[in-house]
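**Q** no FASTA, just this:
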């Protein structure tokens, strides 16, 4: 699908992420999940609502929060290894469109979270942080970046800086 094309559901302007917003499987990171009243004001129900670290779905198009139905909530619960929403943060997921979702008597498109969790993006190790100081100590002790790189990304330039500081 070309980016110039407009999905027919865009006209309904939902406050939530929908199949109109996702054109291909998309990796996102759940920032947090909150139990919130329906923002569309169509019901008085409360929903598990996922907010994301990413700010845009595509350039110039803000990323909306996503309602998590029971199935998607179960997938996130498994990734978080906790049934409590307060523990559902910083979770990498892949969202895709399932064209065969039953909604009453109809078959519609719906968003699903893949049960195969993508790898989390590692934060970059930067000078002047406590993590940097810990990395220098770890490099001094181990003589390698193996344990450090299991937790964070270290650029080649910063590896050289850590080596010098560890001398």
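**A** Yep, that arrived. What you see is a predicted model, and the numbers here were worked out from it, not measured in a lab. Residues are numbered from 1 along each chain as shown.
**Q** which stretches of the protein have low pLDDT?
**A** 1-4, 6-12 (pLDDT under 70).
**Q** need the next SSE after the longest helix seen in it, C-terminal direction.
**A** In the chain, assigned by DSSP state H, the helix with the most residues is helix 130-142. Next helix or strand after helix 130-142 toward the C-terminus (DSSP states H and E): helix 146-149.
**Q** counting contacts, what elements does the helix or strand just after that next one pack onto?
**A** The helix or strand immediately downstream of helix 146-149 is helix 156-166, counting by DSSP H and E. Helices and strands touching helix 156-166, by 3 or more C-beta pairs under 8 Å, 6 or more residues apart in numbering; DSSP states H and E, are helix 130-142. C-betas here are computed from N, CA, C, even on glycine.
**Q** Assign a three-state SS to residue 27, would you?
**A** strand (DSSP: H, G, I helix; E, B strand; the rest coil).
**Q** what residues go with each domain of the protein?
**A** Here the domain parsing of the chain from automatic domain parsing is 8-113, 130-166.
**Q** Can you lay out those as a markdown table showing distance to residue 121 and mean neighbour count?
**A** Shown next, in a markdown table, are the domains of the chain (distance: least, C-beta to C-beta, whole Å; neighbours: other C-beta atoms under 10 Å):
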| stretch | distance to residue 121 | mean neighbour count |
| --- | --- | --- |
| domain 8-113 | 7 | 15 |
| domain 130-166 | 8 | 14 |
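**Q** closest one to residue 124 among the ones you listed?
**A** Among those, the nearest to residue 124 by C-beta to C-beta is domain 130-166 (4.8 Å).
**Q** And that closest one, how far out from the chain middle?
**A** 27 Å (C-alpha atoms, centre = their mean, to the nearest Å).
**Q** which residues touch residue 85?
**A** 33-35, 48 (C-beta atoms under 8 Å, 6 or more residues apart in numbering).
**Q** Distance-wise, check the residue positioned nearest the centre of the chain relative to residue 152.
**A** For the chain, the residue nearest the mean C-alpha position is residue 29 (1.1 Å; C-alpha atoms, centre = their mean). Distance, residue 29 to residue 152, by C-beta to C-beta, to the nearest Å: 16 Å.
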